[in-house]
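Enquirer: The sequence isn't on hand, but the structure is:
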């Protein structure tokens, strides 16, 4: 790869519309969408993986996989992709993730900004419950899991967004509107940056 890959972190509460907007960005701007969770689940399911059992234990116990493993999987995915522009969805989730990223990925990727999709907790919960009722296949689209996910989001992820914001590296969009209206705002931002 000739130049350092450009990365946009995509963060927002559960149900804010991260996946929906990432798909639209990929379709319109040629980014590769990497979901930290999807990479970990794929690695866990790879026969003979040196990390599979460790990842499975963390997922089963509801704990966070060591950030070095997550960064290694992200880095491998970026190296094998035919692009130099990446959306990393759902990462960094906490200070440990960010510290690990800075340690493992400095010089390997150039973070442009955080795309923060802001949406009220009520709207997010309603979307997740509708998604669950429609058969999303996600075991965490239920009231009890959502309460825990929102606690984690407010306690661990929002401080990361605020830290980037202090450095002028957050683009905040209102995720409470319909997906096409939200994307119109995002599209304007990406046209300026890329």
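Expert: Nice, I can see it. For clarity, every value in this text was computed on a predicted model and none was experimentally measured.
Enquirer: CA only for contacts and neighbour counts going forward, please
Expert: Fine.
Enquirer: Over to the residue of the chain most remote from its centre. Which of the three states is it?
Expert: Farthest-out residue of the chain from its mean C-alpha position, per Cα atoms, centre = their mean: residue 48, at 26.5 Å. Under DSSP: H, G, I helix; E, B strand; the rest coil, the three-state class of residue 48 is coil.
Enquirer: Helix, strand, or coil at residue 112?
Expert: Assignment for residue 112 (three-state DSSP): strand.
Enquirer: In this structure it contacts residue 6, no?
Expert: Yes. Assessed by Cα atoms under 8 Å, residue 112 is found in contact with residue 6 at 6.5 Å.
Enquirer: which one of these two has more residues nearby?
Expert: residue 6 (18 against 14; other Cα atoms under 10 Å).
Enquirer: For residue 108, see how far away the more buried one is.
Expert: Going from residue 6 to residue 108 by Cα to Cα, to the nearest Å gives 9 Å.
Enquirer: Phi first, then psi, for the residue farthest from the centre of the chain.
Expert: phi 80, psi 10 (degrees, to the nearest 10).
Enquirer: Check residue 107 too.
Expert: Backbone torsions of residue 107, given as degrees, to the nearest 10, read phi 90, psi -20.
Enquirer: For it, list the residues it contacts.
Expert: residue 4 (Cα atoms under 8 Å, 6 or more residues apart in numbering).
Enquirer: and the gap between it and residue 124?
Expert: Distance, residue 107 to residue 124, using Cα to Cα: 35 Å.
Enquirer: Please apply the same query to residue 135.
Expert: Distance, residue 135 to residue 124, using Cα to Cα: 17 Å.
Enquirer: who has more neighbours, those two?
Expert: With neighbours defined as other Cα under 10 Å, residue 135 and residue 124 compare such that residue 124 has more, 22 against 11.
Enquirer: Give me the spatial nearest neighbour of the more buried one, chain neighbours excluded.
Expert: Of all residues beyond its chain neighbours, the one nearest residue 124 is residue 15 (4.4 Å), with distances taken as Cα to Cα, 6 or more residues apart in numbering.
Enquirer: how about low-confidence regions in this protein?
Expert: Within the chain, the ranges that satisfy pLDDT under 70 run 1-2, 61-62, 138-139.
Enquirer: any chance you could map the strands in it?
Expert: For the chain, strands defined by DSSP state E occupy the ranges 6-12, 32-35, 85-89, 110-118, 170-174.
Enquirer: For the third one, which helices and strands make contact with it?
Expert: If you count contacts as 3 or more Cα pairs under 8 Å, 6 or more residues apart in numbering; DSSP states H and E, strand 85-89 packs onto strand 6-12, helix 18-29, strand 32-35.
Enquirer: how much does that strand deviate in direction from helix 18-29?
Expert: Using axes from the mean of the first three to the mean of the last three Cα atoms, to 10 degrees, the inter-axis angle of strand 85-89 relative to helix 18-29 is 170 degrees.
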